[in-house]
Structure formats: structure tokens, C-alpha cells
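> Predicted structure and sequence below. I'll ask about it afterward.
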Amino acid sequence: MSPLRAAALTALAIAGFAHPAHASGYSFARDGMIADIERLWPSDYLELSPEATFSQLSTVGGLEFQLSMRPLSYFAGLYGGEVQHFSNAGYYHDWLCYASGDMRLWLFTNGGSDDEPRGLVDWLVIETADPAFNAGYGCIEQPLAMLAPGPKVPSIGMTRAQIEARYGTTTDRQQNFVTIFDMQYDAPYVTTNVTLRFERDVLTGISLAQGSEE
């Protein structure tokens with residue numbers, strides 16, 4: 001298991017995918033939500049209302065997709081961009097990065113080839129972030145690739161109260177990061193993880209991961 005996923009198990013128990021490791025040394029993530037999670041990962045998580053589980057995601061450009069179903073090459077073919085690579089301690093991860101003004105979208109895999117599960121996009125992050133760092137991450141300006149909000153997918157700029165209503169839960173006002181987790185214990189064992197970043201109770205970052213094992 002990669003260090004990218006391993007630290008998520010602290011919060012996600014037996015989830016097989018998710019977020020970056022606390023001490024992974026992800027030197028490419030010098031700003032934004034990924035760097036923040038590495039330093040500020042919350043110690044607990046909230047249970048997700050079953051009605052909030054998302055399965056279909058959409059881009060501003062009209063693409064509908066699910067996580068763990070498409071390789072990075074599929075998104076690159078639609079929206080452009082060059083797949084970026086990172087290796088650390090024998091682990092390999094690939095990503096695409098798109099930007100629209102101060103909005104940044106990351107699409108991650110665990111570094112496998114297109115025809116194997118770990119080569120599929122299983123994790124995405126959309127956030128407000130400093131555009132000065134985008135070139136170093138290989139981001140290209142592409143508004144059509146941005147994640148579109150939906151009935152079960154939050155959007156940047158929502159308030160904490162709106163998020164609590166959306167997910168049927170309450171959050172600790174002292175936590176800038178909130179992790180919401182759900183696992184279905186019957187086949188196909190779908191695991192859903194949502195990590196939210198708040199600044200002054202306004203949502204400025206969203207991390208989504210969802211997958212299943214037969």
C-alpha cells in the first residue's frame with residue numbers, strides 16, 4: 001500500500017484509497033490543501049449520511065464520470081495537460097492538474113498503467129490556491145475541467161452550515177479540516193471519503209475519494 005493511501009487508514013479504518021500521508025515527504029505539494037492535510041490532518045472523522053454518497057461526478061465541460069473508472073490519459077485526451085509523476089520511497093503516483101483563475105483541480109492515481117486499477121483516477125482535490133505554484137505542478141489553465149457542484153457534491157464557497165445540512169451531520173467549529181467517511185459493509189463494499197477545508201467557516205477545499213472492492 002502506498003504512503004499516499006496509508007495515512008488515510010488512520011482516519012478511514014479499512015479504506016483502500018484516499019489522501020496523502022502525514023510524513024510522506026510530498027515535496028511537490030508546497031501549498032494548498034495537499035500540503036495542509038499533510039501537516040494538519042484531523043484526528044477523527046464523522047460518519048457520512050448514506051443519502052450523501054456520491055457516485056456520479058461532472059465537469060464544467062459536461063463530462064460525467066466516476067472515480068476508479070477512468071485513467072488519467074482519458075482526461076488528458078479531453079482537456080489536455082501532461083501527466084505528472086512523483087516517486088518517494090519506492091512508491092509512484094501520477095496526476096493531472098487543471099486551473100481556472102485561483103481554482104485548482106488535482107486528479108490522482110497510484111501510478112499504475114492505464115489498464116490496471118491503480119492506474120485509474122481514484123482521488124481528486126479541488127481548491128482555491130495560489131496560482132503562482134501552478135506551473136510547478138504542471139497545471140494548465142482549463143476551466144472546462146473544473147468539478148461542477150451537484151446534489152451530493154459540495155461546491156467551493158459553501159458555508160459550514162450548508163455543508164452540515166448537505167451531509168446530515170455537525171462539525172467541530174475548531175477544526176479547519178473535517179473528514180467525513182462511510183463504508184458499506186455489504187458487497188461491493190463501497191468506501192466514500194470527503195475531506196473538507198474551511199477558512200472562517202467557508203469551504204475552500206474539497207477532497208473526494210470513492211471506490212469499491214468486489
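That came in fine, so what should we check first?
> Can you show me the strands along this structure?
46-47, 57-59, 64-65, 84-88, 91-100, 103-109, 123-128, 140-141, 147-148, 177-183, 191-199, 202-211 (DSSP state E).
> Out of those, flag the one nearest residue 171.
When those are ranked by proximity to residue 171, the top entry is strand 177-183, at 4.8 Å, counting by Cβ to Cβ. Where C-beta positions appear, they are placed from N, C-alpha and C, glycine not excepted.
> For stretch 135-143, give the mean pLDDT please.
Along stretch 135-143, the predicted confidence averages to a pLDDT of 94.
> Residues contacting that stretch, please?
When contacts are defined by Cβ atoms under 8 Å, 6 or more residues apart in numbering, stretch 135-143 is touched by residues 28, 30, 60, 79-82, 84, 95-100, 104, 106.
> Give me the buried entries from the residues you listed.
28, 79, 81, 84, 95, 96, 97, 98, 99, 100, 104, 106 (16 or more other Cβ atoms under 10 Å).
> just curious, which of those is nearest to residue 203?
Of the buried ones among the contacts of stretch 135-143, the one sitting nearest to residue 203 (Cβ to Cβ) turns out to be residue 104, at 14.5 Å.
> so where's the chain shaky on pLDDT?
Per-residue confidence for the chain (pLDDT under 70) gives these ranges: 1-28, 38, 41-45, 47-55, 88-91, 117, 181-190, 211-214.
> Report the beta-bridge partners for the spatially closest residue to residue 33 that is not a sequence neighbour.
Of all residues not flanking residue 33 in the chain, residue 205 sits nearest, at 3.9 Å (Cβ to Cβ, 6 or more residues apart in numbering). Here residue 205 sits in beta bridges with residue 127, residue 197, as judged by DSSP bridges.
> What's the local residue count around residue 205?
23 (other Cβ atoms under 10 Å).
> I'd assumed residue 34 was in contact with it.
No - assessed by Cβ atoms under 8 Å, residue 205 is found out of contact with residue 34, at 9.2 Å.
> Give the intersection of the neighbour lists for the two.
By Cβ under 8 Å, 6+ apart, residue 205 and residue 34 have these common neighbours: residue 125.
> dump the residue contacts of residue 171.
46, 160, 163, 164, 178.
> what about burial for those, which qualify?
Of the members of the contacts of residue 171, the ones counted as buried by neighbours, 16+ other Cβ under 10 Å, are 46, 160, 163, 178.
> Of those residues, which pair is most distant in space?
With Cβ to Cβ as the measure, no two of these lie farther apart than 46 and 160, at 12.5 Å.
> sorry, back to before: gap between the residue nearest to residue 33 and residue 160?
Counting by Cβ to Cβ, to the nearest Å, the separation of residue 205 from residue 160 is 13 Å.
> Quick one: neighbours of residue 170, just the number.
Tallying neighbours of residue 170 according to other Cβ under 10 Å, which is how burial is gauged here, yields 11.
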